[in-house]
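**Student:** Let me see the structure of the following:
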Amino acid sequence: VLVGQIEAGLESAKRAAHYADQAKDRTRIVASRAHYAFALHSAGHRDEARKLFQDAEQQLQLKAHAFLNSIFGHRYRDLMIDSGGFAAAHQHATTALRKGVGRPRLLSSALDKLTIGRADHALTLVAKEEANHPLTAHDGRVAHNQLSEVYDNLLASGRNEYAPLGLLARAAFRRSIGDWSGATRDLDEVEEIAEPGPMRLYLCD
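**Tutor:** Below is the predicted model of the structure:
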């Protein structure tokens, strides 16, 4: 999926989910459903993806874990945001971040904070639009600082495949306040990371 081979990714994820069901291993069932849901979301099948994410969380609840976390939780919340569920995504990420305090989970906490920053930004934009006021740099100062910290943490986690997520979120914020040069720098950096990969999914974004 990341390299842009969406159909192949869908087929692989579907087979993985089938094998996990046969193995009756709950950990693999949860992971395979979350991967399959991510592939479906990437292909534009939001309703099917949402059902699979919800099913994966229900499987976790049988083991006394309330919700998806880390990259699986982030991908579920990404679907929420794309569907307009900003408040739900914010709450999900805030809960995940709170429950993860004290554990060595730099990537997970960075992804939680990324969702919170994106959701805050979206909620602010909605409020400003309803009040017929443009977003200003002052309004989003906290979100900007948060998104910059997220990108630094994603880099520090050593997982370069996730670093463009922070840059894309910060570029979207900078664009919304008219910081065109800042947004351009972020997008240029996304290309530097994604082009050699190749991570075509990020290049499309």
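**Student:** Show residues contacting the least confident helix or strand in the chain by mean pLDDT.
**Tutor:** Lowest by mean pLDDT, DSSP states H and E among the helices and strands of the chain is helix 141-156, with a mean of 85. Residues outside helix 141-156 that contact it (Cβ atoms under 8 Å, 6 or more residues apart in numbering) are 106-107, 109-111, 113-114, 116-118, 120-121, 124, 137, 162-163, 165-167, 169-170, 173-174. Any C-beta I mention is one placed from the backbone N, CA and C, and that applies to glycine too.
**Student:** Pull out the buried residues from those.
**Tutor:** 107, 109-111, 113-114, 116-118, 120-121, 124, 162-163, 165-167, 169-170, 173-174 (16 or more other Cβ atoms under 10 Å).
**Student:** Can you show me the helices along this structure?
**Tutor:** Using DSSP state H, the helices of the chain run over 6-23, 26-42, 46-61, 70-82, 86-99, 106-130, 141-156, 163-176, 180-194, 200-204.
**Student:** Once you drop chain neighbours, what's closest to Val126?
**Tutor:** Computed as Cβ to Cβ, 6 or more residues apart in numbering, the closest residue to Val126 that is not its neighbour in sequence is Phe86, at 7.2 Å.
**Student:** I misspoke; the intended subject was Asp120.
**Tutor:** Ala143 (5.1 Å).
**Student:** ok, now Leu187?
**Tutor:** Closest to Leu187 by Cβ to Cβ, 6+ apart is Ala171, at 5.2 Å.
**Student:** Next, count neighbours for the one you found.
**Tutor:** Counted with other Cβ atoms under 10 Å, residues neighbouring Ala171 total 23.
**Student:** Might you report the residue contacts of it?
**Tutor:** Here Ala171 is in contact with 182-183, 186-187, 190 (Cβ under 8 Å, 6+ apart).
**Student:** Please determine how far it is located from Glu192.
**Tutor:** From Ala171 over to Glu192 the distance is 13 Å, taken as Cβ to Cβ, to the nearest Å.
**Student:** before we move on, what about Ala20?
**Tutor:** For Ala20, the distance to Glu192 - Cβ to Cβ - is 36 Å.
**Student:** Please say which of those two ends up with more neighbours.
**Tutor:** Ranked by neighbour count (other Cβ under 10 Å), Ala20 and Glu192 place Ala20 first, with 20 against 11.
**Student:** thinking that one is in contact with His35, fair?
**Tutor:** No. Ala20 lies out of contact with His35 (Cβ atoms under 8 Å); the separation is 9.6 Å.
**Student:** Residue ranges in the chain under the pLDDT threshold?
**Tutor:** Applying pLDDT under 70 to the chain flags residues 63-66, 101-104, 134-140.
**Student:** That'll do, ta.
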